[in-house]
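Novice: Provide a 3D model corresponding to the input given below.
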Amino acid sequence: MPTPRRIIPVLVYEDIPAGHDFLVTAFGFVSGGIERDDQGRPVHAEVRAGTMPIWLHRVTAAHNLASPRTANVASSGLVVHVDDVDAHCEHARRHGAVIEREPEDQPYGQREYSARDTEGHRWWFATPLHAGAT
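Specialist: I've put the predicted structure just below:
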């Protein structure tokens with residue numbers, strides 16, 4: 001079996017530009033741009049965490065994709081390592097992130113907090129407590 005080489009998370013947003021701007025402003029991701037169709041409607045966007053892309057996809061019945069905002073459930077989440085989880089949490093809070101759990105040391109070797117974005121996607125941001133911890 002071929003070995004998987006790369007994973008690109010895809011998150012579904014009703015409002016791609018608002019989701020994109022929030023992720024850049026509140027969570028500190030780097031913009032990879034917003035793509036639009038011939039009528040100017042946003043259909044795809046990208047943000048980056050280091051070298052890892054995260055794709056933002058539009059809601060579409062053709063692919064049975066819905067935003068957590070309308071589905072009223074988040075079926076997955078993303079863990080992102082940052083240099084200073086406490087400072088990251090405060091920055092995200094100031095820019096409108098809903099903080100679900102404050103930064104706290106975890107028994108599995110990282111300090112983390114959890115937040116939701118503008119459409120209800122669940123995010124965990126963490127800093128390893130010890131060198132070499134993941």
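
Novice: hey, let's count contacts and neighbours off CA atoms from now on
Specialist: Will do.

Novice: what's the weakest-modelled helix or strand in this structure?
Specialist: One helix or strand of the chain scores below all others by mean pLDDT, DSSP states H and E: helix 68-71, with a mean of 88.

Novice: in that one, what counts as buried?
Specialist: Along helix 68-71, the positions that meet the burial threshold by neighbour count (16 or more other CA atoms under 10 Å) are 68-69.

Novice: check the offset of that helix from the chain's centre.
Specialist: Centroid separation between helix 68-71 and its chain, computed with CA atoms, centre = their mean, to the nearest Å, is 15 Å.

Novice: can you pull out the low-pLDDT segments for the protein?
Specialist: 132-134 (pLDDT under 70).

Novice: could you pull out the strands for it?
Specialist: Counting by DSSP state E, the chain has strands at residues 10-13, 30-36, 42-49, 52-58, 77-81, 98-105, 110-116, 122-128.

Novice: so which of those strands comes closest to residue 70?
Specialist: Closest to residue 70 of the strands of the chain is strand 10-13 (CA to CA; 9.7 Å).

Novice: hmm, back to that, let me have the strands of the chain in CSV, extended by distance to residue 65 and mean neighbour count.
Specialist: Shown next, in CSV, are the strands of the chain (distance: least, CA to CA, whole Å; neighbours: other CA atoms under 10 Å):
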stretch, distance to residue 65, mean neighbour count
strand 10-13, 7, 22
strand 30-36, 18, 15
strand 42-49, 13, 19
strand 52-58, 8, 19
strand 77-81, 16, 15
strand 98-105, 23, 16
strand 110-116, 19, 21
strand 122-128, 17, 21
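
Novice: that concludes my questions; thank you for your assistance.
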